[in-house]
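> Sequence first, then the predicted structure, then my questions.
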Amino acid sequence: MKASIVDLRYKTNDILKALDRNESVTVLYHGKIKGVIKPAREKSELKIKDHPFFGMYQDSEETVLEELENLRKPRHDL
């Protein structure tokens, strides 16, 4: 969709409807492109199992508590 500066003021509802349809709106000023308004992406709900960290230590022989203990211990033993 193309919209002039005047359209931004008087036809805001039409522009918002175009954004709801996932259309980008090109803003024109004196017939020249000044910018583009793009629809915001909706956050997709990511399942925990799809996260790359999930199952990272599935091949580990240690229990969860042992793994946490290793992560929490100090870097250098003094």
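Okay, I see it.
> I'd like the distance between residue 72 and residue 17.
Look at residue 72 and residue 17: by CB to CB, to the nearest Å, they are 53 Å apart. The way it works is simple: take the backbone N, C-alpha and C, and place the C-beta from them, glycine included.
> ah, wrong one, I meant residue 66
In terms of CB to CB, residue 66 sits 57 Å off from residue 17.
> go on, residue 76?
Distance, residue 76 to residue 17, using CB to CB: 62 Å.
> Looking at the two, which is more packed in?
Shown here are residue 76 and residue 17; by other CB atoms under 10 Å, residue 17 has more neighbours (12 against 5).
> Regarding residue 35, which helix or strand does it belong to?
Element membership for residue 35 (DSSP states H and E) is strand 32-37.
> Can you name every helix or strand that that strand contacts?
Packing partners of strand 32-37 (3 or more CB pairs under 8 Å, 6 or more residues apart in numbering; DSSP states H and E): strand 25-29.
> hey, C-alpha coordinates of the strand it packs on in PDB?
Taking Å, rounded to 0.1, in the frame of the first residue of the first chain, the C-alpha atoms of strand 25-29 are listed here in PDB:
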ATOM      1  CA  VAL A  25       2.900   0.700   3.800                       C
ATOM      2  CA  THR A  26       5.100   3.000   1.700                       C
ATOM      3  CA  VAL A  27       5.000   6.600   2.800                       C
ATOM      4  CA  LEU A  28       5.300   9.200   0.100                       C
ATOM      5  CA  TYR A  29       6.200  12.900   0.500                       C
END
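> Could you check it and say which residues are buried?
Of the residues in strand 25-29, 25, 27-28 count as buried by neighbour count, 16 or more other CB atoms under 10 Å.
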